[in-house]
Structures are given as C-alpha cells and as structure tokens.
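> sequence and predicted model, in that order:
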Amino acid sequence: MSRAYTLRLDPSLAPSPALVALVWAEEIEPPTPPVALPDFVGEILARVKAKGEDFVPDSVRMRVRRMLRYGKYKPSGRGKPASEFLLRAALADSFPLINGPVDVNNAVSLESGFPGSVFDADLTGPDLLVRRGDDAESYVFNPSGQTIDLTDLLLVCRQTTSGWEPCGNPVKDSMATKTSETTRTILGVLYVPADEPADRAEQWAARYAELLQSHCGARNSGYEVVDQTESRPAPATQ
C-alpha cells in the first residue's frame, strides 16, 4: 500500500501564484543513465523540432514567468524557469538524458511548458511545503558546488529538525535530495500557473505519474494537485 505523501502551500503565499502537483512513485527500477534515447522522449523531441519555439506558446511562457516574478526575483537570464532551458536544449539537439526519473520530469516539463522538480523521497521525507525563499537563502545545485540565490523564489521545502529546508524550485533543484542509483521512491513537483485551468494541471500530473510507472517500472504511482482553497486528490493510483 502507498505511503501518505503531502504537499501544502504556506499561507504566506496567498494568493498563490501556482497550482502545484505532487507526483509520487514507489519501488522504481534503479535509476541509471540511459543507453539509448527513450522512445517517449524521442517522440516529444520530434514534435519540438517540427514546431520550433512555437511548441510552447508564448502565452504559456509568459504565464510561467509571471508565476515566478516576485520581489527581488526576476525569471530571466540564468534565473529562467527550467522548462525554458529544456526547450532551448531540445531545439539545439542537446536535450539532457540523466536517468529514468529525471528524464521523465524533464520530458513532462518540456511537453507541458511547466517547470518541474524531482526528488529522492527517502531524502526529502514524505511531507513537502511550498513557500518563497527568505533573504540570503541558497543551496548547492550541482556537483561542482555552484549555488543558487533563493531570495523570493518559489521553493519546495523538506521538513528537518531545524524547520522547512529548501530542496527544489522551478529553476534548479538541490544536490541534497537529487536521485541516484540507490533511489527507489520518487516525489515530483510540477509548477503550474494559477490561471491555468485546473484540468491542465491534472492532465500533466497524470502524465508524469504514468511515465514513472511505464518508464521507471514503479509498482505504484499517483498524484495530487494542490491550491490554497482545496486539495484535489486524483484517483490516479496505478
């Protein structure tokens, strides 16, 4: 039986700029670098190449940027949402292939135009919180030790003995909770602008959960879309 996974939006976000989808998958196959381009990724990349930058409409990109723009944080340059980096990479024939769960996250982000995060659930714990970054908060996001300034950025946090610690955001996730070959349980988060129809968030969360099962061999997967007025659990346990 699936564990209980929760995600909540901090009251300080009100009104929240995002619908946030929590996706989970249990008992996945060991994540390893792919030896060939996965079929589902190849199919998406072919559609991207056929349509070019119009694959993700300007209106979607503008709404995603508006979702992130707040206070000191400006979603431009190196601070662009991950979904924009993935579109550029796809058009430049340099789409990253990392391992099963990360490739699913990146493929859904590219296909939907919405940024996503993916975590090892044993490193985050089952409970997550979305809030904005405080002044001077940061974390390391790659093996070379580079950091990202989290001030005013929309964040996913894990619960620790010292409080809610940032572990992901729509630009770059923390090294502390990234997947590895020992990962067996996945938590994914999809950040959808609040002015998108709720069924769009449901659609892409369901797609994410299904791919974690079909591509990563999860024995159980599911999702829930959360906003500040209600939690909408989806009948998505696979």
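Structure received. In this text, all values refer to a predicted model and were calculated from it rather than measured experimentally.

> hey, let's count contacts and neighbours off CA atoms from now on
OK.

> show me where the protein has its helices.
Using DSSP state H, the helices of the chain run over 39-51, 58-68, 82-91, 100-112, 121-124, 198-214.

> most remote residue from the middle of the protein, which is it?
Relative to the C-alpha centroid of the chain, counting by C-alpha atoms, centre = their mean, Ala50 is the outermost residue, at 25.1 Å.

> most packed of the helices of the chain?
Neighbour counts (mean count of other C-alpha atoms under 10 Å) averaged over each of those peak at helix 100-112, with a mean of 24.

> packing partners for that helix?
If you count contacts as 3 or more C-alpha pairs under 8 Å, 6 or more residues apart in numbering; DSSP states H and E, helix 100-112 packs onto helix 39-51, helix 82-91, strand 116-120, strand 186-193, helix 198-214.

> what residues does stretch 9-24 touch?
Contacts with stretch 9-24, where a contact means C-alpha atoms under 8 Å, 6 or more residues apart in numbering, come from 5-7, 67-68, 129-132, 185-195, 198, 201-202, 205, 208-209, 221-228.

> buried only: go through those for me.
Buried residues within the contacts of stretch 9-24, counting neighbours by 16 or more other C-alpha atoms under 10 Å: 5, 7, 67-68, 129-132, 185-194, 198, 201-202, 205, 208-209, 221-228.

> if I look at the residue nearest to Ser112 when sequence neighbours are not counted, how far off is Val189?
Distance criterion C-alpha to C-alpha, 6 or more residues apart in numbering; nearest residue to Ser112, sequence neighbours excluded, is Trp204 at 7.0 Å. For Trp204, the distance to Val189 (C-alpha to C-alpha, to the nearest Å) stands at 11 Å.

> cool, and Ala90?
Distance of Ala90 to Val189, given as C-alpha to C-alpha: 21 Å.

> next one: Trp24
Using C-alpha to C-alpha, we find Trp24 at a distance of 9 Å from Val189.
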